[in-house]
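**Student:** Coordinates only, no sequence provided:
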């Protein structure tokens, strides 16, 4: 069973930066995607960014392109989400998840999830 430890959330002013980390253990997939999603109470969960292990392919939701950067460490066990120029509308709880293969933001393809990290951006 895959387990995640997420860290890096917090409170920041608009225009500021935060970096989220998601460290995985127990991965048995030959190839996989790690994705970041965000959830605001009363709204649908939204895919933010994802990265494919085998070749580093990345994908971003339109509203975060140019502001957020997803990356992984050399061992591919920790995935980072660098969030710059944050906006109040980025306020949400952010979750990382893992899917076998490459599924981008198809939530049904994700099998395991982290505990979530709250990001709050004040105006």
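**Tutor:** On my side now, so go ahead. Just so it is clear, the structure is predicted and the values come from calculations on it, not from any experiment.
**Student:** what's near enough to touch the residue nearest to the spatial centre of the chain?
**Tutor:** The C-alpha lying nearest the average C-alpha coordinate of the chain belongs to residue 36 (C-alpha atoms, centre = their mean; 2.1 Å). The contact partners of residue 36, by C-beta atoms under 8 Å, 6 or more residues apart in numbering, come to 20, 22, 47-50, 70, 79, 81, 94-96. Every residue, glycine included, has its C-beta placed from N, CA and C.
**Student:** which residues in the protein form helices?
**Tutor:** Counting by DSSP state H, one finds no helices in the chain.
**Student:** show me where pLDDT drops low in it?
**Tutor:** By pLDDT under 70, the weakly predicted segments of the chain are 76.
**Student:** which residues in this protein form strands?
**Tutor:** Remark: strands assigned in the chain by DSSP state E are 3-7, 10-13, 18-25, 32-39, 46-52, 58-60, 68-72, 78-83, 92-100, 110-113, 117-122.
**Student:** among those strands, which is the most enclosed?
**Tutor:** Mean neighbours per residue, mean count of other C-beta atoms under 10 Å, is largest over those for strand 32-39, with a mean of 24.
**Student:** Make CSV out of the contacts of residue 36 and add distance to residue 30.
**Tutor:** Listed next are these as CSV, based on distance: C-beta to C-beta, whole Å:
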residue, distance to residue 30
20, 26
22, 20
47, 23
48, 25
49, 22
50, 17
70, 21
79, 17
81, 24
94, 27
95, 24
96, 20
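**Student:** quick one: which of these is nearest residue 115?
**Tutor:** Nearest to residue 115 among those is residue 95, at 7.9 Å by C-beta to C-beta.
**Student:** Give the closest residue to the residue nearest to the centre of the chain in space, chain neighbours not counted.
**Tutor:** Closest residue to residue 36 apart from its sequence neighbours, by C-beta to C-beta, 6 or more residues apart in numbering: residue 48 at 4.4 Å.
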